[in-house]
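Trainee: Predicted structure and sequence below. I'll ask about it afterward.
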Amino acid sequence: MSEQERNPVEVPETTQSDPAIEETAANNVEASTSSDAEPETAAVAEQEPASTAAVQEAPVEGAAKGQKQRGQRRRLVGVVVSDKMDKTIVVMVERRKAHPLYKKYYTRRKKFLAHDEQNECRVGDVVQIMETRPLSRRKRWRLVKILERGQQRGGQ
């Protein structure tokens, strides 16, 4: 038996070539050697990374490179109603809201727990608080500044 009869599956490489593959390969070679197509693709390739790099590397004020800028945090003004806890104050914020049907104004009150690092606030102080990361189960605000001092307690 001859070699070809033993392995009928093997076909010589010269007969395997596909005309469609040869045409696409020839087109690719022509496109790469063409002087008209090369500068356009090079210009497009140069422009795209430059534009995306300019967007990504735009300097952001207050943030280090590669970090996202933090959004604006809510600030509220309210009155201190309790300072009995250590480094924590309870601030009552009042807001006036118009009734949707009757157009009369009514007052809505809400209490917030805020962090007071130096224990400087007293009951009756008007303060400004700012939203922050959770510091405890209910405390998500911190004292920014005391806007107005309240009535002084007797003996202090």
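Mentor: Looks like it came in fine.

Trainee: From one end of stretch 113-124 to the other, what's the distance?
Mentor: 15 Å (Cα to Cα, to the nearest Å).

Trainee: Need the contact partners of it.
Mentor: For stretch 113-124, the external contacting residues (Cβ atoms under 8 Å, 6 or more residues apart in numbering) are 79-83, 86-91, 127, 129, 132, 135-136, 138-143, 146, 149-153. (Glycine included, C-beta is placed from N, CA and C.)

Trainee: Does E131 touch R73 like I think?
Mentor: Yes: between E131 and R73 there is a contact under Cβ atoms under 8 Å: 4.3 Å.

Trainee: So between the two, which is more surrounded?
Mentor: E131 (15 against 11; other Cβ atoms under 10 Å).

Trainee: ok, what's across the strand from that one?
Mentor: Beta bridges link E131 to W141, judged by DSSP bridges.

Trainee: same question, T88
Mentor: Counting by DSSP bridges, T88 is bridged to H115.

Trainee: repeat for E148
Mentor: Taking DSSP bridges as the rule, E148 bridges to V126.

Trainee: what about it, how many residues close to it?
Mentor: For E148, the count of nearby residues is 10 (other Cβ under 10 Å).

Trainee: so what pLDDT did it get?
Mentor: Per-residue pLDDT puts E148 at 96.

Trainee: V90 too?
Mentor: We have a pLDDT of 98 for V90.

Trainee: Give the helix, strand or coil label for it.
Mentor: On the three-state scheme (DSSP: H, G, I helix; E, B strand; the rest coil), V90 is labelled strand.
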